[in-house]
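J.: Can you look at this prediction? I've put the sequence above it.
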Amino acid sequence: LPIAFDAIATGETSMYPLPDGMFAPQNQWYVAALSSEVTRQPMERWILNEPVALYRKTDGSAVAMQGRCPHRHFPLGKSNVVGDNIECGYHGLQFRPDGSGDSSPAQKTVPASCRVKVFPLVERWKWLWIWPGNPALADPSLIPDHDEFGLLNGSFVLCGDIAYNEVPARYMLIHDNLFDLTHLNVLHRNSIGGGNLAETKEQRNLTENRLTSHRHFRDLAPPPFMGPVLGYNGLCDRDMKITFCFPGLHYFFDTYSKASGEPGGGEHLGAIMGFHCVTPATHHTSHYFAALLRDFARDDAALGQHIASGLAPTLQEDIFATGEIEKTASRLSRLPAEILLNSDTTCGLGRRMFAQAIGKEMAV
Ligand code: FES
Ligand SMILES: [Fe+2]
């Protein structure tokens, strides 16, 4: 393996966060945008270090096109839609949704070589999945199954809007943040911290493209933000399970019940489900989509909004931490070797998934 994964067992060090020269796997599905972001007005979004133009055709279906005009590299995401075509905002070349050049007032005949790449794009639930790699390999059945998350069965409802942030950090730092939840007690001590994560046994399950981390806490005071939200201040049990679907989506369940020694012990108090989608934008920036859902007070939209806005600072704390690490990592010509702690085992497993997939693509 190109990554020094065995170091985890021996306490040695390895390169952080990925071996030099490795960026991101190309032949994968990633969330490109929220459905609500993509309209008839084209937008630009960098995905795996390439500009992409996203827009909708007259029939409402979405298109993801190379976001750079082949003539002078003007951004097509900052151009105009004419019918189903994009018209370059510089000299007016038009491109059809299949990427071929079309005639336009500026250019009556268009050379066949004047075309742009079109990316496979699939709309699922409230977001759009893009395949940045070889289109011939894009199989929509590889998109994480939204039924698996219970998104479609109605038992959970959204809290407020799905958050989108462009994060000034390489994507692997955001995954690391989600793989190692021991940061909850420190970085998020005033909101969702609670229970000693570092000392609670973490159970892991790794399959080919899923990595699950599971912890169960007993007899815990509810975290500062959750007590009032659940309307409960006795001791509780908390079950925290987070599953990573390679390469871009984490979903978690944070479930609270009354502690067994309390009146009504074992009673379900409520669960928060979350989706965090991470897409590499450039070598040093990422797209971060975060949705929160709840299975309690489902008709109470105001409570949903309260949860969304109450937990928004938590996301900003993660963005702050990863952004600061990126600053350090990108200013140093080479990042000193990493110190691996016991809590880094999940990070090691997760990073190995990336290193293997990238290594395989680099070998072709
Ligand atoms: S740059 Fe697009 S037509 Fe010239
Ligand atoms: Fe966090």
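T.: That came through fine. Ligands and ions are numbered 1, 2, ... in the order given.

J.: Could you use CA atoms for every contact and neighbour count after this?
T.: OK.

J.: give me the number of residues near residue 146?
T.: 12 (other Cα atoms under 10 Å).

J.: Surely it and residue 153 touch.
T.: No. In this structure, residue 146 is not within contact of residue 153 by Cα atoms under 8 Å, at 9.8 Å.

J.: which residue does the stretch 151-300 of the chain bring closest to ligand 1?
T.: Residue of the stretch 151-300 of the chain nearest ligand 1, by Cα to the nearest ligand atom: residue 282 (22.3 Å).

J.: What residues does that residue make contact with?
T.: By Cα atoms under 8 Å, 6 or more residues apart in numbering, the residues touching residue 282 are 46, 47, 48, 49, 50, 170.

J.: secondary structure element for residue 307?
T.: helix 301-331 (DSSP states H and E).

J.: following that helix, which helix or strand comes up?
T.: The helix or strand immediately downstream of helix 301-331 is helix 345-363, counting by DSSP H and E.

J.: Which strands and helices lie in contact with that next one?
T.: Applying 3 or more Cα pairs under 8 Å, 6 or more residues apart in numbering; DSSP states H and E, one finds that helix 345-363 contacts helix 171-179, strand 210-220.

J.: List the buried residues in the helix or strand just after the first one.
T.: Tracing the chain C-terminally past helix 171-179 and defining elements by DSSP H and E, one meets helix 184-187 next. The neighbour-count check on helix 184-187 (16 or more other Cα atoms under 10 Å) flags 184, 185, 187 as buried.

J.: excluding its backbone neighbours, what's nearest the second one?
T.: Counting by Cα to Cα, 6 or more residues apart in numbering, residue 193 is the residue found nearest to residue 185 once chain neighbours are left out, at 4.4 Å.

J.: Report the contact partners of the one you found.
T.: 184, 185, 186, 223, 224.

J.: Which helix or strand contains it?
T.: Assigned by DSSP H and E, residue 193 falls outside every helix and strand.

J.: how near is it to residue 182?
T.: Residue 193 sits at a distance of 9 Å from residue 182 (criterion: Cα to Cα, to the nearest Å).

J.: Just give me the neighbour total for the closest residue to ligand 1 within the stretch 101-250 of the chain.
T.: The stretch 101-250 of the chain approaches ligand 1 most closely through residue 106 (8.2 Å), counting by Cα to the nearest ligand atom. Other residues near residue 106 come to 10 when the count uses other Cα under 10 Å.

J.: wait, isn't it in contact with residue 89?
T.: No. Shown here, residue 106 and residue 89 do not form a contact pair, counting by Cα under 8 Å, at 11.2 Å.

J.: Contacts made by the top strand by length along the chain with the rest, please.
T.: Counting residues, the longest strand in the chain under DSSP state E turns out to be strand 268-280. By Cα under 8 Å, 6+ apart, the residues outside strand 268-280 that reach it are 24, 30-32, 47-49, 156, 170-171, 174-175, 230, 248-258, 286-296.

J.: ok, the next helix or strand after it: who's next to it in the sheet?
T.: Using DSSP H and E, the helix or strand that directly follows strand 268-280 along the chain is strand 286-294. Here strand 286-294 has these sheet partners by DSSP bridges: strand 157-158 (antiparallel), strand 163-167 (antiparallel), strand 268-280 (antiparallel).

J.: Report the angle between strand 286-294 and helix 171-179.
T.: 30 degrees (axes from the mean of the first three to the mean of the last three Cα atoms, to 10 degrees).

J.: would you turn the contacts of residue 193 into JSON lines with pLDDT and distance to ligand 1?
T.: Listed next are these as JSON lines, based on pLDDT from 0 to 100; distance: Cα to the nearest ligand atom, whole Å:
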{"residue": "184", "pLDDT": "89", "distance to ligand 1": "48"}
{"residue": "185", "pLDDT": "86", "distance to ligand 1": "51"}
{"residue": "186", "pLDDT": "90", "distance to ligand 1": "50"}
{"residue": "223", "pLDDT": "88", "distance to ligand 1": "54"}
{"residue": "224", "pLDDT": "87", "distance to ligand 1": "54"}
